[in-house]
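>>> Sequence and predicted structure, then a few things I'm wondering about:
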Amino acid sequence: MNMKQFIVMTVGWLMAVNSMGQQALWSADSIISPVINENRTVTFRIYAPAAEKMEVEGDFLSPTMVSTPVGETESAGKAVMTKNSNGVWEYTTPPLASELYSYTFLNDGLRITDPNNVYQVRDVASVSNIFLMSGQPGDLYSVQEVPHGNVAKVWYPSLTMNMDRRMTVYTPAGYEDSERSYPVLYLLHGAGGDENAWSELGRAAQILDNLIAQGKAEPMIVVMTNGNASQQAAPGEAPNSMEKPVLFVPGMMDGRFEQAFTDVVSYVESHYRTQADKAHRAIAGLSMGGFHAMHISALYPDTFDYVGLFSAAIHTDNDSPVYTKFYENLNRQFNTPPQLYWIGIGRTDFLYKDNAAFRSKLDSLNYHYEYTESDGGHIWRNWRIYLTTFVQRLFK
């Protein structure tokens, strides 16, 4: 092939590609979704010419209440999309407030993710797309031009459980280049979660980076554990673990995780530069993790000066002495009260009544705590807010 033939062939190929691109103007490859418009509305699009009905389901739509194995809880709302002559379905929201939102599509009732949005998260066995609306709190959950901490997946030996286990550890910006010792927040996930939950769904690293950079939170190490005593690590990230994640995992609330928590603290304090005393340790968790934080802090009353219960589960039928002796342990904990015992829950959370009863018990015992209520139920939107509020109170 001579140079002239090569040039002619190349030009022809480029013209063909350009023609294909024009023809694909409304195909799945060329669509941008979601589009955040200047008026703070959001437009979703998906190419599905054979579909008879397409809906978008998201937490930016009015929620519905559904029955679950753990009680009545909120479910994302739905909106019907409209199909144009090119086979593209579209829906535009009303103006949205600043927040991190999640959504999926329903293609004739079959739930699918948005093929044009690569930003996804997993919550138990559900995968959904996400997008961020600017402002507050959305900017707090975004990567900003600030000094960044590091997030590591760390394996540690749990002698109590007789297995190696994994946790996620956030170290603040500057940790590697300093000789400073730092306080530690132990941050625990809920049922169906694992050591990835707070860093992926909770945006913990972004929240800490931004609050520390703003001077609103002290630089701290954050340790995010796996609270399922039967697991070494998150599904797919431990030996022989590529199974479908489930909500109820063996060893969730049987006392073993609480009894073995000293393994976590010992590893962290021997491998990181920490301020290893009660005044510089905090523990908090959501739902099941709030249950764990409540019992761990009471079981080891001289260990944590800051305790956060985010939509915490309160009761269990397990007869482990960790639980049956809880109020005895709690009495020892409040003999020298924590610097902060913080409780937060949504007004429509299915655990609201249990938390109200627990607060009444604390009141009857004259145990001081701080309490906040928020709108909504058992949802990540609340837990990100609680983390944001809680960390600004620590180690002052």
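Received, thanks.
>>> Near the closest residue to His189 other than its chain neighbours, how many other residues are there?
Using C-beta to C-beta, 6 or more residues apart in numbering and skipping residues adjacent in sequence, the residue nearest His189 is Ala197, 3.9 Å away. All C-beta spots, glycine's among them, are computed from the backbone N, C-alpha and C. Taking other C-beta atoms under 10 Å as the criterion, the count of residues near Ala197 is 28.
>>> again, but for Val146
Residues near Val146, counting by other C-beta under 10 Å, number 14.
>>> tell me the contacts of the closest residue to Leu362 other than its chain neighbours?
Once its chain neighbours are removed from consideration, Leu362 has its nearest residue in Tyr369; the separation is 5.6 Å (C-beta to C-beta, 6+ apart). Under the criterion of C-beta atoms under 8 Å, 6 or more residues apart in numbering, the neighbours of Tyr369 are 341-343, 359, 362.
>>> Just put those in TSV and tack on neighbour count, secondary structure and pLDDT.
Formatted as TSV, these follow (neighbours: other C-beta atoms under 10 Å; DSSP: H, G, I helix; E, B strand; the rest coil; pLDDT from 0 to 100):
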residue	neighbour count	secondary structure	pLDDT
Tyr341	22	strand	98
Trp342	21	strand	98
Ile343	22	strand	98
Arg359	15	helix	98
Leu362	16	helix	98
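>>> Next one: the residue nearest to His189 from Pro321, what distance?
Relative to Pro321, Ala197 is positioned 28 Å away (C-beta to C-beta, to the nearest Å).
>>> Could you do Thr303 as well?
For Thr303, the distance to Pro321 under the criterion C-beta to C-beta works out to 18 Å.
>>> Would you map the helices across the stretch 151-300 of the chain?
With DSSP state H, counting those that start in this stretch, the ranges of helices along the stretch 151-300 of the chain come out as 197-200, 204-213, 256-259, 261-271, 288-299.
>>> want to throw these into CSV with distance to Phe326 and mean pLDDT?
Shown next, in CSV, are those (distance: least, C-beta to C-beta, whole Å; pLDDT from 0 to 100):
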stretch, distance to Phe326, mean pLDDT
helix 197-200, 25, 97
helix 204-213, 27, 98
helix 256-259, 10, 97
helix 261-271, 15, 98
helix 288-299, 6, 98
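>>> Tell me which of the ones you listed sits most buried.
Comparing the helices of the stretch 151-300 of the chain by mean neighbour count (mean count of other C-beta atoms under 10 Å), helix 288-299 comes out on top with a mean of 27.
>>> What strands flank the helix or strand just after that one, and is each parallel or antiparallel?
Where DSSP states H and E defines the elements, the next helix or strand beyond helix 288-299 is strand 306-310. Paired strands of strand 306-310, with direction, are strand 281-286 (parallel), strand 340-346 (parallel) (DSSP bridges).
>>> Out of those strands, which one sits most buried?
Among these, the stretch with the highest mean neighbour count (mean count of other C-beta under 10 Å) is strand 281-286, at a mean of 29.
>>> Centre of the chain to that one, how far?
When distances are taken as C-alpha atoms, centre = their mean, to the nearest Å, strand 281-286 is centred 14 Å away from the chain's centroid.
>>> re the thing from before, how much space between the residue nearest to His189 and Asp302?
Distance from Ala197 to Asp302, counting by C-beta to C-beta: 28 Å.
>>> got it, and Glu243?
Here Glu243 is placed at a distance of 39 Å from Asp302 (C-beta to C-beta).
>>> Looking at the two, which is more packed in?
Per other C-beta under 10 Å, whichever of Glu243 and Asp302 has more neighbours is Asp302, with 12 against 9.
>>> Could you verify my assumption that that one touches Asn335?
No. Counting by C-beta atoms under 8 Å, no contact exists between Asp302 and Asn335, whose distance comes to 9.9 Å.
>>> isn't Leu286 right up against Ile385?
No. Counting by C-beta under 8 Å, Ile385 is not a contact partner of Leu286; they are 11.3 Å apart.
>>> May I see the helices of the stretch 151-300 of the chain arranged in TSV, with distance to Ile221 as well?
As requested, the helices of the stretch 151-300 of the chain are exported to TSV (distance: least, C-beta to C-beta, whole Å):
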stretch	distance to Ile221
helix 197-200	13
helix 204-213	10
helix 256-259	20
helix 261-271	7
helix 288-299	17
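>>> Around Tyr223, how many other residues sit close by?
Quick fix: residue 223 reads Val, not Tyr. Residues near Val223, counting by other C-beta under 10 Å, number 26.
>>> How about it, nearest residue that isn't a chain neighbour?
Beyond its immediate neighbours in the sequence, the residue positioned closest to Val223 (C-beta to C-beta, 6+ apart) is Tyr186, lying 5.0 Å away.
>>> how close does the one you found sit to Trp198?
Taking C-beta to C-beta as the measure, Tyr186 and Trp198 are separated by 11 Å.
>>> same deal with Asn318?
With the distance defined as C-beta to C-beta, Asn318 ends up 24 Å from Trp198.
>>> Do me a favour and get the end-to-end distance for stretch 132-146?
Separation of the first and last residues of stretch 132-146 by C-alpha to C-alpha, to the nearest Å is 18 Å.
>>> nearest spatial neighbour of Gly87, skipping sequence neighbours?
Counting by C-beta to C-beta, 6+ apart, Gly87 lies nearest to Pro49, which is 2.8 Å off, once chain neighbours are set aside.
>>> what does Pro137 give?
The nearest residue in space to Pro137 (C-beta to C-beta, 6+ apart) is Ser98, at 6.2 Å.
>>> contacting residues for Ala125?
Taking C-beta under 8 Å, 6+ apart as the definition of contact, the neighbours of Ala125 are 244-246.
>>> And those residues, which of them are buried?
Of the members of these, the ones counted as buried by neighbours, 16 or more other C-beta atoms under 10 Å, are Pro245.
>>> would you list the contacts of Ala125 in CSV and tack on distance to Arg45?
Supplementary listing: the contacts of Ala125 in CSV, determined by distance: C-beta to C-beta, whole Å:
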residue, distance to Arg45
Lys244, 30
Pro245, 30
Val246, 33
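>>> Out of the contacts of Ala125, which is nearest to Phe390?
Proximity of the contacts of Ala125 to Phe390 (C-beta to C-beta) peaks at Pro245, which lies at 26.6 Å.
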